[in-house]
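Asks: prediction below, plus the sequence it came from.
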Amino acid sequence: MSLSFETVGARMCRVSMVVAALAIGSVEAAAAGWTEKPFNPAPGSRWQVVSELERSETTVEDGNRVVVNLKKTVTSELVFHEKTADGGYRITFTRTDTKASGDTRELALVRIDHGIMKGLAIRAVTDPNGKPLRVENVEDIRRKRQEIADGFAATVPGADKDAFLRVVEGLTTVDEVGATTHLADLELLAMAQNTGLRPGEKRRSTAAVPSGIDGPPLSRARELSILRTDAATGNATMLLTETYTQESMREFMAVIARRSGDVRPSDMRRMKMTFKNRFEIGVVDGMSRTLTEDSLTASTLLGESMSIRDKRKVTVSPL
């Protein structure tokens, strides 16, 4: 038997309404059975934070496709000290170990970063959700950065030394807010703590964030929602997506170009860029304990293209 267009349309409308009603009902049921637990780590508690990264970088230049890879594991220790008057915490975060392997030139940068950060206890103040607000011993970071930069500069041939020093110049001019880029994982983990979200809700935000060097901030857009909940335990998995505007990325790259002198800043501003991050954050007893990241950075400039795909897992465990 054939069906008229109106009959098919009417049935599709009814199906859509039923599906929508079921979806709304399931969200309401989840909301009724799940309550978010507060973020409330005990003062004096110590935690190990392990970040495991697998990176694949693909470049296409003059028709030649080259793929290089990097594996990196960074281990740090997080300590919560006394609470602040506004309900936040004083913390220390110390890099204890870095292991890396691969066939990428980035290994040199990994060694520089580890040389700067290993054993350096970053003292910071967080808000009640655990988000780092400022670093209290920023002078220690500046001094350590300068020591490492000077050491590497001494190994650079004379003709390239000035260009090298211009590129790393911004590393030693960081302020107490900009220094929180060293605590980026803690900031991500804090996004899933004390959210106040209910199942089905989404929270969107935009912000100008420090780039980590003395230069223009990056413009970032985020969306946070609840992916899964467990009514029995109060635990949850949060979904965070993150993008950066092309314009702010171009301006950031133009600063690097001006310092290196290798590429004209005007060329960098014509670069086409994509920068997308997706995070799933597992929350246990109110504290973010796992984070999985899938990110893509891609760019095209003067006929050459590059893409970087990151797969990363962060695990937070009690010590």
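Replies: Everything's here; your move. Computed from a prediction, not measured in an experiment: that's the story for all the values here.

Asks: which SSE is residue 95 in?
Replies: strand 89-102 (DSSP states H and E).

Asks: same for the following helix or strand past that strand, what does it pack against?
Replies: Sequence-wise, the next helix or strand beyond strand 89-102 is helix 106-117, with elements assigned using DSSP H and E. The helices and strands touching helix 106-117, judged by 3 or more Cβ pairs under 8 Å, 6 or more residues apart in numbering; DSSP states H and E, are strand 64-83, strand 89-102, helix 138-153. In short, each C-beta sits where N, CA and C put it, glycine included.

Asks: circling back: chain center to the strand holding residue 95: distance?
Replies: On the basis of Cα atoms, centre = their mean, to the nearest Å, strand 89-102 sits 15 Å off its chain's mean C-alpha point.

Asks: if we can go back for a sec, out of the helices and strands packed on helix 106-117, which is closest to residue 284?
Replies: Nearest to residue 284, of all those, is strand 64-83, at 15.3 Å by Cβ to Cβ.

Asks: one step back: which one of the helices and strands packed on helix 106-117 lies nearest to residue 315?
Replies: Closest approach to residue 315 among the helices and strands packed on helix 106-117 (Cβ to Cβ): strand 64-83, 10.0 Å.

Asks: return the set of buried residues in that closest one.
Replies: 68, 70, 72, 74, 76, 78, 79, 80 (16 or more other Cβ atoms under 10 Å).

Asks: direction included, what does that strand pair against?
Replies: Here the strand partners of strand 64-83, with direction, are listed using DSSP bridges: strand 46-61 (antiparallel), strand 89-102 (antiparallel).

Asks: quick one on the thing from earlier: need the buried residues of strand 64-83 in a markdown table with pLDDT and distance to residue 61, can you?
Replies: Putting the buried residues of strand 64-83 into a markdown table (pLDDT from 0 to 100; distance: Cβ to Cβ, whole Å) gives the following:
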| residue | pLDDT | distance to residue 61 |
| --- | --- | --- |
| 68 | 93 | 13 |
| 70 | 94 | 19 |
| 72 | 95 | 25 |
| 74 | 95 | 30 |
| 76 | 96 | 36 |
| 78 | 98 | 41 |
| 79 | 98 | 46 |
| 80 | 98 | 48 |
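
Asks: need these in a markdown table with distance to residue 121, can you?
Replies: Formatted as a markdown table, the buried residues of strand 64-83 follow (distance: Cβ to Cβ, whole Å):
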| residue | distance to residue 121 |
| --- | --- |
| 68 | 33 |
| 70 | 27 |
| 72 | 21 |
| 74 | 15 |
| 76 | 10 |
| 78 | 11 |
| 79 | 9 |
| 80 | 14 |
